[in-house]
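Participant: what follows is a predicted protein model with its sequence.
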Amino acid sequence: MSFLFKIRKPRQYNVKYRYYDEHKERLQQSEARVRKKLGMDVDDSASTGALHRGVFRNTIDSTKDEKNRLVRFGVILGLLLIFGYTFLHYAG
């Protein structure tokens, strides 16, 4: 029965950074903590932008998968209806 349904494989996650400055990263994190403690506005637009792009990409992939499932279900249902109709028409 596995030929009728597609079995999903887990996705690989591999990030290759072009450049990473550990000192700068620690400095930004400590500044963000201090700003948060003082109640100042924190600009997280860079990190949230990457997050939203990832969420949007996953949404697109899930809608494509959902469309494929619905098409597959429709084809199987149509074949069963045709088989049932021909069986009942010629058997009865």
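Facilitator: Arrived safely.
Participant: could you use CA atoms for every contact and neighbour count after this?
Facilitator: Will do.
Participant: which residues in the chain form strands?
Facilitator: With DSSP state E as the criterion, the chain has no strands.
Participant: pLDDT below threshold where in it?
Facilitator: By pLDDT under 70, the weakly predicted segments of the chain are 1-3, 41-61, 92.
Participant: kindly recompute the last result at 80.
Facilitator: For the chain, applying pLDDT under 80 flags the ranges 1-8, 14-20, 40-65, 92.
Participant: which residues of it fall in helices?
Facilitator: In the chain, the helices defined using DSSP state H lie at 22-38, 45-91.
Participant: nearest to F5, of those?
Facilitator: F5 lies closest, by Cα to Cα, to one member of the helices of the chain: helix 45-91, at 8.1 Å.
Participant: need the helices of the chain in TSV with distance to P10 and mean neighbour count, can you?
Facilitator: Putting these into TSV (distance: least, Cα to Cα, whole Å; neighbours: other Cα atoms under 10 Å) gives the following:
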stretch	distance to P10	mean neighbour count
helix 22-38	31	12
helix 45-91	13	11
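Participant: relative to R11, which of those helices is closest?
Facilitator: Nearest of those (Cα to Cα): helix 45-91, 11.3 Å.
Participant: picking that back up, dump the helices of the chain into JSON lines; add distance to K16 as well.
Facilitator: Formatted as JSON lines, these follow (distance: least, Cα to Cα, whole Å):
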{"stretch": "helix 22-38", "distance to K16": "15"}
{"stretch": "helix 45-91", "distance to K16": "15"}
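Participant: tell me which of those sits nearest to Y13.
Facilitator: helix 45-91 (11.9 Å).
Participant: picking that back up, how about the helices of the chain, which one is nearest K6?
Facilitator: helix 45-91 (8.9 Å).
Participant: ok so, going back, out of the helices of the chain, which is closest to Q12?
Facilitator: Closest among the helices of the chain, using Cα to Cα: helix 45-91, at 13.4 Å.
Participant: please report how far Y19 lies from E25.
Facilitator: 11 Å (Cα to Cα, to the nearest Å).
Participant: and what of Y85?
Facilitator: Y85 is 67 Å from E25, by Cα to Cα.
Participant: again, but for L77
Facilitator: 55 Å.
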